[in-house]
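Participant: mind looking at a prediction? Sequence and model below.
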Amino acid sequence: MFQKIKLYIVSLWFLFLLLFVVKVNIPICFDGKCEFIGFKALILTNGIPLFALVFMILGAFFYFGFNSSITKGATLLSKKITSIKNLNSETLSFLATYIIPLACLDMDRSRSLPMLVLLLILIGWIYVRTNLFYTNPTLAIMGFKVYQLDTELTKDIIVITKQSLKIGDAILPRTINDNIHYAKKSVL
């Protein structure tokens, strides 16, 4: 369950980046009479960007952990692919359905941050409960691919990998959840 939540936070990395860029408010002075406004004022005027920055850092940390776990290898025996379907297009639907509308929320209203947090929790709950955490735009941009495939022993598993796969390839899967795995190619 915690792995799914981490992947959900990774999937929202670009939303947090957009929120940070749109809302950051750092006073810039071009004349010679500049003075620092103080950390308290800077923090109070940048609540949403700081919220976004914290989750960007968490997302980066979780991404590098996920990437590291893939490169370490698998815990299951090699399996030969007998049929395969590319699911990378589902990532675009997640981006268009959730990320873009959330980035367009009017953040100048007083209820915007609680509304954003509530929406992120609700979407995250759905995302984790329905096992759609593999539709991850951040992973897609970082070179990961998503496939639905059958092997000699299993049917309809979802695989997240950095390599391109085809029928006849052997994979070393590592379980994330019931039928969702990350994997790397195996040499037979």
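Facilitator: Looks like it came in fine. Keep in mind it's a predicted model, so treat the numbers as computed, not measured. Numbers count the residues shown, from 1 in each chain.

Participant: name the next helix or strand downstream of the top helix by length along the chain, please.
Facilitator: Looking across the chain with DSSP state H, the single longest helix is helix 47-71. Later in the chain than helix 47-71, the nearest helix or strand by DSSP states H and E is strand 79-86.

Participant: using PDB, write out every CA atom in that following strand.
Facilitator: Output of strand 79-86 as PDB, limited to C-alpha atoms (Å, rounded to 0.1, in the frame of the first residue of the first chain):
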ATOM      1  CA  LYS A  79       9.100 -15.500 -17.200                       C
ATOM      2  CA  LYS A  80       8.800 -15.600 -21.000                       C
ATOM      3  CA  ILE A  81       6.200 -13.200 -22.600                       C
ATOM      4  CA  THR A  82       3.500 -14.900 -24.700                       C
ATOM      5  CA  SER A  83       1.300 -11.900 -25.500                       C
ATOM      6  CA  ILE A  84       1.800  -8.200 -24.900                       C
ATOM      7  CA  LYS A  85      -0.200  -4.900 -25.100                       C
ATOM      8  CA  ASN A  86       1.300  -1.400 -24.700                       C
END
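
Participant: what's next to it, contact-wise?
Facilitator: Strand 79-86 is contacted by residues 145-154, 165-171, 173, 188 when judged by CB atoms under 8 Å, 6 or more residues apart in numbering. C-beta coordinates here come from the backbone N, C-alpha and C atoms, glycine included.

Participant: next one: stretch 142-151
Facilitator: Against stretch 142-151 from outside (CB under 8 Å, 6+ apart): 63, 67, 79-88, 90-91, 134-136, 140, 156-165, 171.

Participant: can you tell me the average pLDDT over it?
Facilitator: What stretch 142-151 shows for mean pLDDT is 89.

Participant: buried sites along it?
Facilitator: Phe144, Lys145, Val146, Tyr147, Gln148, Leu149, Asp150, Thr151 (16 or more other CB atoms under 10 Å).
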